[in-house]
Each structure stands twice: as C-alpha cells, then as structure tokens.
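Undergrad: my questions are about this predicted structure, shown below with the sequence.
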Amino acid sequence: MRRWLMLIPLAVFLGMAWFLYKGLYLDPTELPSAMIDKPFPAFSLPSVEGDKTLTEADLKGKPALVNVWATWCISCRVEHPVLTKLAEQGVVIYGVNYKDVNADARKWLQEFHNPYQLDINDEAGSLGLNLGVYGAPETFLIDSQGIIRHKFVGVIDETVWREQLAGKYQALVDEARP
C-alpha cells in the first residue's frame, strides 16, 4: 500500500511537467475570441474628435481593420507608423481609443498622424469589454457587413501584415466586390 502512496507525487509532477511543456508551444497572439463570425457589438460612442456620435452602423460598407489603441500603450506607438503606411496604401482602418484620456488621444493623432477613417472614443472601455479586449493593441478584421472575421493580438509590424493579415484583408476586399 505504501508503494502506491509514493507514486502520487511522481504522478502529480509528471502531470504538471506535461502541462508546462505543452504551454511552451502555444502562440500568445492566438487568443480565442467568441466574437469571430459575429456582428460587431452595438455601441453609441463619441468620436475622438468629439464632432459626432458613432455606432456600429458606421463601420459597415467596406472591409476594415478595427484597431484598439491608447496613448498609454507603448506597443501602440511602435505599431502606429505601420498603420499610417497601410492607411496611405488604401487599407481601411477604424480606431478604438481604449480607456484613454480623450485630450491625449487628440494630441497623439495630431502629432503622429491619424491613420483612422473613424476613431471611436471608448474612454470607459465598454466597447472594449464587449469585444473581449485583453489590452491594447488588438486588431479585428471585419467584413463589409460588420462581421468580425479575425482577431490579432499584439503589434502589427510589416512582417505580421505581410505574412498574417494582408491575405485575410484582401480576401475580404475581394469578397465585397460585386
């Protein structure tokens, strides 16, 4: 009977070791989202510029990237020049300024250029919560009907765009053509 008791710590150790070993091969940018293939959540929030109220209906009509960003986010500062370049190339990008001071966001966009065709002020974080945002930056690809088709967590650099997102975005653009 004592031999079986001695095997319990070994079994617990082996179980934990297997679990940790498996975790080494998980991709931290692949966070599952319950929002995939669902409509963009309903919202009614002011624009960062403060000149109008935006809703989910404003995001429909063209495939787009919806980028969740903030001025307090260091990674967002790294990603911003790439987003600006993509916008200059014709990629439609909407911004969600997440849990941020709106005056800071306006200053940021004036200083670093504004790649967003629409920029939503989500100061309270309610839209981010409904999207299942863990933190900034996160980017959603939506189709022309406002359906979320993909979620990317982390910085979009040129390599990420080229190897992971450009093809998905182009497929949505092609699908939207009559």
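TA: On my side now, so go ahead.

Undergrad: all strands for the chain, in order.
TA: 44-46, 53-55, 64-69, 93-98, 118-122, 138-142, 148-153 (DSSP state E).

Undergrad: got those strands as a markdown table, with distance to Phe112, mean pLDDT and mean neighbour count columns?
TA: (C-beta placed from N, C-alpha, C; glycine too.) A markdown table is the format used below for the strands of the chain (distance: least, Cβ to Cβ, whole Å; pLDDT from 0 to 100; neighbours: other Cβ atoms under 10 Å):
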| stretch | distance to Phe112 | mean pLDDT | mean neighbour count |
| --- | --- | --- | --- |
| strand 44-46 | 21 | 98 | 14 |
| strand 53-55 | 21 | 98 | 15 |
| strand 64-69 | 11 | 98 | 26 |
| strand 93-98 | 12 | 98 | 26 |
| strand 118-122 | 13 | 97 | 23 |
| strand 138-142 | 17 | 97 | 23 |
| strand 148-153 | 21 | 96 | 20 |
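
Undergrad: looking at these, which is closest to Gly15?
TA: Nearest to Gly15 among these is strand 148-153 (28.5 Å), distances taken as Cβ to Cβ.

Undergrad: hang on, the earlier thing: can you put the strands of the chain in TSV and add distance to Leu7?
TA: Shown next, in TSV, are the strands of the chain (distance: least, Cβ to Cβ, whole Å):
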stretch	distance to Leu7
strand 44-46	58
strand 53-55	61
strand 64-69	49
strand 93-98	50
strand 118-122	53
strand 138-142	45
strand 148-153	41
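
Undergrad: what about those strands, which gets the closest to Lys85?
TA: Per Cβ to Cβ, nearest to Lys85 of the strands of the chain: strand 93-98, 10.8 Å.

Undergrad: so who does the closest residue to Phe140 other than its chain neighbours touch?
TA: Excluding its sequence neighbours, the residue lying closest to Phe140 (Cβ to Cβ, 6 or more residues apart in numbering) is Val66, at 4.4 Å. Counting by Cβ atoms under 8 Å, 6 or more residues apart in numbering, Val66 touches Phe40, Leu59, Ile93, Tyr94, Gly95, Val96, Thr139, Phe140, Leu141, Ile142.

Undergrad: hmm, 6 Å instead?
TA: When contacts are counted by Cβ atoms under 6 Å, 6 or more residues apart in numbering, Val66 touches Tyr94, Phe140, Ile142.

Undergrad: pretty sure Ala105 contacts Val48?
TA: Yes. Here Ala105 reaches Val48: they are 4.9 Å apart, a contact under Cβ atoms under 6 Å.
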